[in-house]
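> Sharing a model that was predicted from the sequence below.
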Amino acid sequence: GAGVSQTPSNKVTEKGKYVELRCDPISGHTALYWYRQSLGQGPEFLIYFQGTGAADDSGLPNDRFFAVRPEGSVSTLKIQRTERGDSAVYLCASSFTGGAREKLFFGSGTQLSVL
Amino acid sequence: AQSVAQPEDQVNVAEGNPLTVKCTYSVSGNPYLFWYVQYPNRGLQFLLKYITGDNLVKGSYGFEAEFNKSQTSFHLKKPSALVSDSALYFCAVREYNNNDMRFGAGTRLTVKP
């Protein structure tokens, strides 16, 4: 596609429920990143994929968070037993190879609200 | 560990006046520095980056930034602000061996007519 696509744009769920957030990166980009942005804060790194593998998941806050990218393209961020503190905008980004010099292309994000 | 500071939460300027949005960084090695802009309900859009070479880098929409190694700063500038420049601006830093692009907390720029 022309840009990074994220669905849904908004997700409202109840505390304790399971949610999945989807990211479709720019075609041909091997690197994919998930970030979380809380109100009044900058994006916070969660996980980085190089191809199909999670090359760095050091930013995931706890084991309730998990992400996959089975075919090296679309990625899904999964959150189990959601908590109110998980409410934030979840941003996905991609880049061509993942090199540190490359700019990231961001999607519009998924606004997650946990009631 | 790498980090970024944006000391101003808010910057207000009049249209036509020059603007500066400040950013300082901390890294253990050589930094790669970036500026992004975020409009309401939109993702972050890349403005410019410093990798190496000339300390003054030019980017999109007439923005430029100056890398100052001694002051560990990378301030964003524009000679003449437009009302349409009003948005949230983020500075970011990344080291060559780090997968984490670290962002500042953001600065809200308001340009008044």
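Right, received. Where do you want to start?

> mind exporting stretch A:93-110 as CSV, just the C-alpha atoms?
Listed in CSV are the C-alpha atoms of stretch A:93-110, where the atom choice follows Å, rounded to 0.1, in the frame of the first residue of the first chain:
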residue,chain,number,x,y,z
ALA,A,93,6.0,2.1,11.9
SER,A,94,8.0,0.5,9.2
SER,A,95,11.3,1.1,7.4
PHE,A,96,13.1,-0.4,4.4
THR,A,97,15.8,-2.4,6.2
GLY,A,98,15.8,-1.4,9.8
GLY,A,99,19.1,0.5,9.7
ALA,A,100,19.6,3.1,12.4
ARG,A,101,20.0,5.8,9.7
GLU,A,102,16.6,5.2,8.2
LYS,A,103,13.5,7.3,8.9
LEU,A,104,10.4,5.5,10.1
PHE,A,105,7.1,5.7,8.4
PHE,A,106,4.3,5.7,10.9
GLY,A,107,0.7,4.7,10.6
SER,A,108,-2.1,6.8,12.1
GLY,A,109,-2.4,4.6,15.2
THR,A,110,-5.0,2.7,17.1
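
> Now do the buried residues in it.
Neighbour-count burial for stretch A:93-110, counted by 16 or more other Cβ atoms under 10 Å in any protein chain shown, picks out A:93-95, A:98, A:100, A:102-110. (C-beta placed from N, C-alpha, C; glycine too.)

> pLDDT averaged over it - what is it?
Averaging pLDDT along stretch A:93-110 yields 93.

> Stretch B:96-106 now?
Averaged across stretch B:96-106, the pLDDT comes to 89.

> Any chance you could list what contacts it?
Taking Cβ atoms under 8 Å, 6 or more residues apart in numbering or on different chains as the criterion, the residues outside stretch B:96-106 that touch it are A:33, A:35, A:40-45, A:48, A:55-56, A:58-59, A:98, A:100-101, A:104, B:2-6, B:9, B:23, B:29-30, B:32, B:34, B:36, B:38, B:88-94.

> Please indicate which of those residues are buried?
When the contacts of stretch B:96-106 are checked for burial by 16+ other Cβ under 10 Å, the buried set is A:33, A:35, A:42-45, A:48, A:56, A:59, A:98, A:100, A:104, B:2, B:4, B:6, B:23, B:32, B:34, B:36, B:38, B:88-94.
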